[in-house]
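[1] give me a 3D structure for the following:
(one chain, ligands or ions: 2)
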Amino acid sequence: MIPRCALTMVSWPPYPGRKASLLALAVLAGALTAAAPTVRSASGAEPITPIPAPAGLDPRRVALGEQLFRDPRLSHDNTLSCGSCHDTSTNGASANAQDRGAHGSLLPFNTPTVFNAALNFRLNWEGNVRSLEREAEEGLRSPVMASSAEEALVKISADEVMTQRFRVTYGRAPDVPALLNAIATYERSLLTLDSRFDRWLAGETSAISPEELSGYQLFKSLGCISCHQGVNVGGNLLQRHGIFRTLGAPEPELVRVPSLRNVAATAPYFHDGSAATLNEAVRQMGLAQLDRVLTDSQIGSIVAFLRTLTGAYQGRSVVPASARPSADPVPR
Ligand code: HEC
Ligand code: HEC
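    Ligands and ions are numbered 1, 2, ... in the order given. You can find the predicted model right below:
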């Protein structure tokens, strides 16, 4: 099989080092200016696009989904809610390298944030799930919550207040499709808006500093952008990791390129949570994915850019999760 990485790396145009005749340059001039902007963004010209405000969501479904997301009755032993690992009052994830599921066993992967997950082309590190409904169904099972959608439904249906909320929201008594749809609808509302970088993309020149801008230019010129681009600055490709040097646990070989939205607030990093800090993650990315030893000043500059990708949910900035023992329920 041809490594997908090789494909993207070759097909992405705007790198220094490309060789082109003057004639080709002249012919391509229009396209190249569009693909490789230099100083300021012109609308539509950047390989990263702003996060759109969520649209068309029924507020009653969002509210019911939020309540379910925080309900520990969704786990078999009533100890874990979705929010226990995905803390939406902080970063939509946890501070742990790996969280523990309902039976106390360590989960195989670092918990990804639920913020902006709705914008990823596939879900999970392996990209093996295609919808938020399906993801919620999987999360209810072992090893995560050791329950099932059917078991959760029995508990929720025994609660008269909840049953009434389902009737008002879906026009019928609780059932599995409505349960999963409510959770997924809430997750579709979890988009983080108004990051400084998005404001810069929208034309607010002073939203990012000259150092942050040069970090962004380095991010593009080094080739980070070949894997981390689009609305989520990632989340739209499967790639090998550890192409030039080993990166964390070798399995799985192919992972979905993580989104770098809010990345300054989602330590620890990588599918196994093996990089504790953002500087360390960037240093390892240079080595493992690009065969480049980045200098401290290059790393500092890229990290400065990455910090501009922190957005806000309901007007509150995304912040790092507070360290708390793995699998402790989040206060409701
Ligand atoms: C015990 C911790 C834990 C709990 C509880 C939990 N999750 Fe997760 N969640 C994870 C981990 C770990 C992954 C990554 C799994 C993988 O990559 O295979 C994940 C992945 C996800 C993703 C995919 C994000 C992305 O961008 O790929 C979504 C969405 C999600 N969970 C929603 C939920 C919902 C909804 C619930 C409740 C039904 C839930 N989770 C409960 C740990 C947890
Ligand atoms: C060939 C594709 C590719 C390139 C090029 C690349 N990355 Fe990555 N990046 C990945 C993959 C895949 C992962 C997930 C690795 C893992 O978890 O094992 C990742 C993970 C990360 C993470 C951790 C995110 C998290 O939430 O865990 C950061 C930060 C990051 N990359 C930044 C960069 C920077 C900065 C550059 C340029 C110096 C870069 N990447 C170049 C594919 C790439």
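
[2] surely I243 and G286 touch.
    No: I243 lies out of contact with G286 (CB atoms under 8 Å); the separation is 11.6 Å. C-beta: built from backbone N, CA, C; applies to glycine.

[3] between these two, which one's more packed in?
    For I243 versus G286, neighbours defined as other CB atoms under 10 Å are more numerous around G286 (21 against 17).

[4] who's in contact with that one?
    222, 292-294, 298-299 (CB atoms under 8 Å, 6 or more residues apart in numbering).

[5] what do you get if the cut-off is 7 Å, keeping everything else the same?
    Each residue near G286 by CB atoms under 7 Å, 6 or more residues apart in numbering is listed here: 292-294.

[6] try N116
    N116 neighbours (CB under 7 Å, 6+ apart): 51, 191-192, 232, 259, 261.

[7] now A312
    192-194, 318.

[8] will you turn the residues you listed into JSON lines that also has pLDDT, neighbour count and distance to ligand 1?
    As requested, the contacts of A312 are arranged in JSON lines below (pLDDT from 0 to 100; neighbours: other CB atoms under 10 Å; distance: CB to the nearest ligand atom, whole Å):
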{"residue": "T192", "pLDDT": "98", "neighbour count": "24", "distance to ligand 1": "13"}
{"residue": "L193", "pLDDT": "98", "neighbour count": "17", "distance to ligand 1": "18"}
{"residue": "D194", "pLDDT": "97", "neighbour count": "17", "distance to ligand 1": "20"}
{"residue": "V318", "pLDDT": "97", "neighbour count": "25", "distance to ligand 1": "14"}
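
[9] now Q298: which helix or strand?
    Take DSSP states H and E as the rule and Q298 turns out to sit in helix 296-307.

[10] equivalent analysis for N181, please.
    Going by DSSP H and E, N181 is in helix 176-188.

[11] for G203, same thing?
    Using DSSP H and E, no helix or strand contains G203.

[12] next: A288.
    Assigned by DSSP H and E, A288 falls in helix 278-290.

[13] near ligand 1, which residues of the stretch 1-150 of the chain show up?
    Residues of the stretch 1-150 of the chain found near ligand 1 (CB under 6 Å from any ligand atom) are 74, 80, 82, 84-86, 99, 101, 107, 109, 111-112, 114, 117, 120, 123-126, 132, 135-136, 139-140, 144-145.

[14] do I have it right that D198 meets A53?
    No: contact criterion CB atoms under 7 Å: D198 and A53 do not qualify, at 10.9 Å.

[15] these two: who's more crowded?
    Comparing D198 with A53 by other CB under 10 Å, the one with more neighbours is D198, at 22 against 9.
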